[in-house]
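J.: Any chance you could fold what I've pasted below:
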Amino acid sequence: MPYCCQCGQSVGSSDTFCAVCGARQPRSNPVQDTLSSISGRTASLLCYIPVVGWVAAIVVLAAARFRHDTQVRFHAFQGLYLFVAWLIVDWVLDPVFSFSVFPGPHMHRVVPQLFRVIIFIGWIFMMVKVSHDETYKLPILGELAEKSVSEQR
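T.: Numbers count the residues shown, from 1 in each chain. Reported below is the predicted structural model:
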């Protein structure tokens, strides 16, 4: 039972004013879980949005709502690992190949760009698979994601 914010007397849960002192009572808005209306498939799909899906993946992994949903957690980890692969290409392969001596102009950009295209296709492919409720393990990254999910049980 709620109590008056001014005098401490008991008030009804729908009372706007206290019957004893007349003080206005604050409206209590129950906190809603923002993820309660999101399905597991939608949460999984958000984890594969190219370049920014890592944010959704971290939110999904931290959310209590999906703590025991191994399929959604698998997709969150796999989406996160795809982003890590993207970062490796950007921060490691691109600088390494920029110092290489390749014949022809701009040949040093081909290998990192090819990897970026492959990762981008992986994101799109996984979005299609998840939208059809299919679970697909990407080579290497899928195994890592599966291991990460199993270690958290």
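
J.: Now do stretch 8-24, average pLDDT.
T.: Here stretch 8-24 scores 88 as its mean pLDDT.

J.: Give the buried residues for that stretch.
T.: Residues of stretch 8-24 classed as buried: 11, 18 (neighbour count, 16 or more other Cβ atoms under 10 Å). To be clear about C-beta, it is placed using only N, CA and C from the backbone, and glycine gets the same treatment.

J.: Now do that stretch: distance to the chain's middle.
T.: Here stretch 8-24 shows a centroid-to-chain-centroid distance of 43 Å under the convention Cα atoms, centre = their mean, to the nearest Å.

J.: contacts for that stretch?
T.: Identification of contacts with stretch 8-24 by Cβ atoms under 8 Å, 6 or more residues apart in numbering yields 1-7, 25.

J.: Show me the chain divided up by domain.
T.: Domain assignment for the chain, taken from automatic domain parsing, gives 1-30, 40-151.

J.: Tell me the buried residues within the contacts of stretch 8-24.
T.: Buried members of these, scored by 16+ other Cβ under 10 Å, are 4, 25.

J.: quick one: the helices in the protein?
T.: Remark: helices assigned in the chain by DSSP state H are 40-46, 53-62, 70-88, 94-98, 110-131, 141-151.

J.: I'd like to know which elements the longest one is packed against.
T.: The one in question is helix 110-131. Applying 3 or more Cβ pairs under 8 Å, 6 or more residues apart in numbering; DSSP states H and E, we find helix 110-131 packed against helix 40-46, helix 70-88, helix 94-98.
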